[in-house]
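**Q** with the sequence up front, the predicted model follows.
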Protein chains: 2
Amino acid sequence: MDALLTDIEALVGAGNVLTGEDVSRRPVDWLSGASCRGRAIVRPASTEELAAVMRLCHAARQPVVAHGGLTGLVHGADVEPDELAISLERLTAIEHIDPIGATLTVQAGAPLQAVQEAAEAVGLQFALDLGARGSCTIGGNIATNAGGVRVIRYGMMRQQVLGLEAVLADGSVVSSMSRMLKNNAGFDLKQLFIGSEGTLGIVTRAVLRLHPATPDVQTALVACDSFKALTGLLARMGNALGGSLAAFEVMWQSHYRLLTTESGRHTPPIAPEAPFFVIVESLGQDSHHHTRLFSESLEAALEDELISDAVIAHSAIQRQGIWAIREDIEGLIAALTPLLTFDVSLPIHEMADYIVALEAALIREWPAARLVTFGHLGDGNLHLSISVGSADPETRRAVEQCVYTPLAALGGSVSAEHGIGLEKRDYLALSRTPEEIALMHTLKQALDPHHLLNRHKVLAHYSG
Amino acid sequence: MDALLTDIEALVGAGNVLTGEDVSRRPVDWLSGASCRGRAIVRPASTEELAAVMRLCHAARQPVVAHGGLTGLVHGADVEPDELAISLERLTAIEHIDPIGATLTVQAGAPLQAVQEAAEAVGLQFALDLGARGSCTIGGNIATNAGGVRVIRYGMMRQQVLGLEAVLADGSVVSSMSRMLKNNAGFDLKQLFIGSEGTLGIVTRAVLRLHPATPDVQTALVACDSFKALTGLLARMGNALGGSLAAFEVMWQSHYRLLTTESGRHTPPIAPEAPFFVIVESLGQDSHHHTRLFSESLEAALEDELISDAVIAHSAIQRQGIWAIREDIEGLIAALTPLLTFDVSLPIHEMADYIVALEAALIREWPAARLVTFGHLGDGNLHLSISVGSADPETRRAVEQCVYTPLAALGGSVSAEHGIGLEKRDYLALSRTPEEIALMHTLKQALDPHHLLNRHKVLAHYSG
């Protein structure tokens, strides 16, 4: 251990500066399982310890990478051999719950699911939800502005954060732990740290907003005969259900057929003949009113030919069966390996044409190419699973060109919810103007002039 | 006209650089009616014109103040004799509405009410609402992160903005006009300009999020016998109404009695005997379900003694009659002149004690003092109307000490929704830490190093 690590160990205690195999046997990337290459993993036990660590790192110009649950998908947590990983794994306490004010104060390393359960225990809910709930952490959810399956109704992670605390590159602590729903006293600094992927500060604690519980979950799978019907249905259900529409998840036939009849992995609740299938989910309080409103709204949509077929889940098992088709990433991997996955957003009315054109472009280049599409349609967000027979860097790059290039003209985004990390950094300019990127560099320069925080991620590092 | 103004006039055209009496006869402050003291008012017709104006101002180190509807309450739009006012009054177009994506693209000078009406015309709604809707502008709503009467349900202005465009101090244009609900492609730069009161950039255009219409409005006035019952009722209604609770506006008896029996301005729908009166409002889609859910929820609260009396509005007239008591600012002014008003937030469970202690402190100092309280309780936001017989600067300062000082220990905010402007600048440190304020200065320095944008507002100007 060199002098810096020895000094850090003196701060965080023996056993909390991991080196050698303790580092390399930890994976750094959920998808690939690639091992951590950092020179050490540091595990502070408090904001104060982390601040002291960062003061040492700042003096030594030692770059660091903050680590949460490592469930990201864009290589945002990769660690170079000359970098330190700062793991928030010892900061997992739920410090306070205020049931009247509907707030929860938590340390950044707490898993999302622990927060959800703590909110449920006081009769409320934490609204963010996503597949990785058991592993991902609140700090990571904040740093990446996580999305998930309830964004139509509750918004993304940014909307759930009332206050936060972050350690800056120089070790100073910016504590904006407001519990106020309304607080216009000066600049809203927390916004800087939400969604900036650990490049401007390391989030250590947060005050989260809770919502009333919505125990009555109504779920249906419906078939739509056209994209026009699909968007008509979205508008109709949004209106009919008022604020309670919580998910509008569309599977193109390519996705639905692959994971049901084609692979035999799931029994299709509706025959896979229609071009589009939608999971419509509504979250309500009162079971009687809400159940009736949901079924009546679907019946009206059926009468008006917005949908051609529908199945309402009448049990948790049936509900899980419907969601399992949508969430079967393993099924996609099994069928489409080597799989390339993408997360984009674009105006809803452009989606149908975009997918048709993309599929044609892929097949022109790779005749056996397959494009499988599902998405949070209500959020303007599509997830693309693409197989062209290879995933080597050159092929990946060629596929990225096909996927990302058309988005610029459509005003779309190369990253709806996964972030930029390293993977999409070279495409940032397709979604953001030169003036925007210049302003991002201005912020980075102002907050982290020595590029110590998650160096190379999101923005290219000007070494000069 | 000097050289700079002549050059600016060449850009924006004759008649769009106002000077002399054309400036001084315009009020700059809604409450006092004080006249504008700036050396000129410049009215650009486009983002490009404003950018060109700012390039000239930047070269000449000419400070400017952006003007919207001038309905602010904290002297955030005051203009010094050496400053230029930049009025957005010619930028009022609603440029685009996408009913499927539920977005509206608008220029910053458009009044809030015009946006609300444009959304209604396509069967949707724009969720922000506040009393000044006819005068205040979207740009001002964004610059101040406006709150209003539907925050519990829809959030503040920040939550309504998907994209925006701003002109920086040096005249560069940062266009982040994303129409995407989800866009994690790099830093979310728009957050810098929302709520920073025109100190970091001048907002010129925005993409706003629309919501499904909620034509069924259910409103009740209820009486509560204790603060505990009040918070119990808030939790109960939040749960019972799921996502549809839209307002929970509490009048302390001081407010309700003053504006009903004491002044004779309004007939009290409920006798003014209880300590607290609440306007509960719920916004729904389906009239039948929603009406029943609302009345059943209130009946249950009555049975459980959370409320001691209730009146449900059965017509728009009755609804307006209830709201008129809450919104009768003229009545407060008439009774309490010289009136001092405050806008603070604090944890809900601290409110009752805070008000009792504040009233005692005021009466200790000014035996005839009156404190009249109402607030958006569900948002943790209280509005205080205080009369101590004088409003001279020294007295005002002494009252401010009474109001603001206790908030620091409670984790409250000296500004819930009105902003800081000039009026609360000296109290910013009660709600924000030195590290937070240092970071605000870092941002100001990075974006506006010559302090050309709304100089002196929010943060003290370091001239050195």
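**A** Sure, I can see it.

**Q** gap between residue A:298 and residue A:249?
**A** Applying CB to CB, to the nearest Å, the value for residue A:298 to residue A:249 is 15 Å. All C-beta atoms are positioned from the backbone trio N, CA, C, and that covers glycine.

**Q** you'd agree residue A:385 is in a strand?
**A** Yes - checked against DSSP: H, G, I helix; E, B strand; the rest coil, residue A:385 lies within a strand.

**Q** what sits against it?
**A** A:255, A:332, A:336, A:339, A:340, A:341, A:371, A:372, A:373 (CB atoms under 8 Å, 6 or more residues apart in numbering or on different chains).

**Q** rerun at 6 Å
**A** By CB atoms under 6 Å, 6 or more residues apart in numbering or on different chains, the contact set of residue A:385 is A:332, A:336, A:339, A:341, A:372.

**Q** show the pLDDT at it.
**A** pLDDT, residue A:385: 97.

**Q** residue A:284 now?
**A** Looking at residue A:284, its pLDDT is 88.

**Q** bridging residues for it?
**A** residue A:216 (DSSP bridges).

**Q** what does the stretch 301-450 of chain A put close to chain B?
**A** Neighbours of chain B within the stretch 301-450 of chain A, by CB under 6 Å from any CB of the partner chain: A:345, A:347-349, A:379-381, A:411, A:413-417, A:419-420, A:428, A:431-433, A:435-436, A:439-440, A:442, A:446.

**Q** now name the helix or strand holding residue A:5.
**A** Following DSSP states H and E, one finds residue A:5 within helix A:3-12.

**Q** cool, and residue A:311?
**A** strand A:309-312.

**Q** average pLDDT for that strand?
**A** Strand A:309-312 shows a mean pLDDT of 97.

**Q** pull up the pairing partners for it, direction included.
**A** strand A:216-224 (antiparallel).

**Q** which of the residues in the strand it pairs with are buried?
**A** A:216, A:217, A:218, A:219, A:220, A:221, A:222, A:223, A:224 (16 or more other CB atoms under 10 Å in any protein chain shown).

**Q** quick one, strands of the stretch 1-150 of chain A?
**A** In the stretch 1-150 of chain A, the segments counted as strands under DSSP state E, counting those that start in this stretch are A:17-18, A:40-42, A:64-67, A:84-87, A:94-98, A:103-107, A:124-125.

**Q** just the ones you listed: most buried one?
**A** strand A:64-67 (a mean of 26; mean count of other CB atoms under 10 Å in any protein chain shown).

**Q** distance from the chain centre to that one, please.
**A** The chain centroid and the centroid of strand A:64-67 are separated by 18 Å, computed with CA atoms, centre = their mean, to the nearest Å.

**Q** just give the closest residue to residue A:33, not the sequence neighbours.
**A** Nearest non-adjacent residue to residue A:33, counting by CB to CB, 6 or more residues apart in numbering or on different chains: residue A:27, 4.8 Å away.

**Q** and that neighbour, how far from residue B:423?
**A** From residue A:27 to residue B:423 the distance is 54 Å (CB to CB).

**Q** looking at these two, which one has more neighbours?
**A** residue B:423 (21 against 13; other CB atoms under 10 Å in any protein chain shown).

**Q** how near is the closest residue to that one other than its chain neighbours to residue B:424?
**A** Take residue B:423 and drop its neighbours on the chain: the residue closest to it by CB to CB, 6+ apart is residue B:74, 4.1 Å away. Separation of residue B:74 from residue B:424 (CB to CB): 6 Å.

**Q** which of the two has more neighbours?
**A** residue B:424 (27 against 23).

**Q** residue contacts, residue A:338?
**A** Applying CB under 6 Å, 6+ apart, the residues contacting residue A:338 are residue A:391.

**Q** for residue A:206, what are its contacts?
**A** Contacts of residue A:206 (CB under 6 Å, 6+ apart): A:106, A:138, A:161, A:164.

**Q** by neighbours, which of those wins?
**A** That'd be residue A:138 among those, by other CB under 10 Å, with 34 neighbours.

**Q** thinking again about what came up before, quick check, pLDDT for the residue nearest to residue A:33.
**A** Model confidence at residue A:27, given as pLDDT, is 88.

**Q** same deal with residue A:289?
**A** pLDDT, residue A:289: 81.

**Q** same check on residue A:149?
**A** For residue A:149, pLDDT reads 87.

**Q** got the phi/psi numbers for it?
**A** Main-chain torsions, residue A:149, degrees, to the nearest 10: phi -100, psi 10.

**Q** run a quick neighbour tally on it.
**A** 20.

**Q** what residues are up against it?
**A** A:129, A:247.

**Q** how does it look with 8 Å?
**A** A:129, A:130, A:246, A:247, A:249, A:376.

**Q** could you do residue A:253 as well?
**A** A:272, A:273, A:274, A:275, A:276, A:277.

**Q** re earlier: so what sits against both of residue B:74 and residue B:424?
**A** By CB under 8 Å, 6+ apart, the residues touching both residue B:74 and residue B:424 are B:415, B:418.

**Q** wasn't residue A:205 part of a strand?
**A** Yes - the assignment for residue A:205 is a strand, going by three-state DSSP.

**Q** that one and residue A:50: what is the separation?
**A** Taking CB to CB, one finds residue A:205 at 11 Å from residue A:50.

**Q** ok, now residue A:416?
**A** In terms of CB to CB, residue A:416 sits 31 Å off from residue A:50.

**Q** and what of residue A:299?
**A** For residue A:299 relative to residue A:50 (CB to CB), the value is 56 Å.

**Q** need the contact list for the most centrally placed residue in chain A.
**A** Computing the C-alpha centroid of chain A and ranking residues by CA atoms, centre = their mean puts residue A:146 first, at 3.6 Å. Listed by CB under 8 Å, 6+ apart, the contact partners of residue A:146 are A:128, A:130, A:136, A:140, A:156, A:157, A:417.

**Q** sketch out the low-pLDDT regions of the stretch 1-150 of chain A for me.
**A** Scanning the stretch 1-150 of chain A for pLDDT under 70 picks out no residues.

**Q** who in it is up against chain B?
**A** A:98, A:99, A:100, A:101, A:102, A:123, A:144, A:145, A:147 (CB under 8 Å from any CB of the partner chain).

**Q** closest to residue A:65 among these?
**A** residue A:144 (13.6 Å; CB to CB).

**Q** ok, and the closest non-adjacent residue to the closest one?
**A** That would be residue A:419: by CB to CB, 6+ apart, it lies 4.7 Å from residue A:144.

**Q** hmm, residue A:195 and that neighbour touching each other?
**A** Yes - with contact defined as CB atoms under 8 Å, residue A:419 counts as touching residue A:195 (7.3 Å).

**Q** find the residues that touch each one of the two.
**A** In contact with both residue A:419 and residue A:195: A:144, A:145, B:184, using CB under 8 Å, 6+ apart.

**Q** dump the residues you listed to CSV, plus distance to residue A:180.
**A** Formatted as CSV, those follow (distance: CB to CB, whole Å):
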residue, distance to residue A:180
A:144, 24
A:145, 21
B:184, 26
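
**Q** contacts for the strand holding residue A:311?
**A** Here strand A:309-312 has contacts from A:218-223, A:269-271, A:274, A:294-295, A:298, A:301-302, A:318, A:322, using CB under 8 Å, 6+ apart.

**Q** counting neighbours, which bits of it end up buried?
**A** A:309, A:310, A:311, A:312.

**Q** of those, which is the nearest to residue A:239?
**A** Nearest to residue A:239 among the buried residues of strand A:309-312 is residue A:310, at 17.7 Å by CB to CB.
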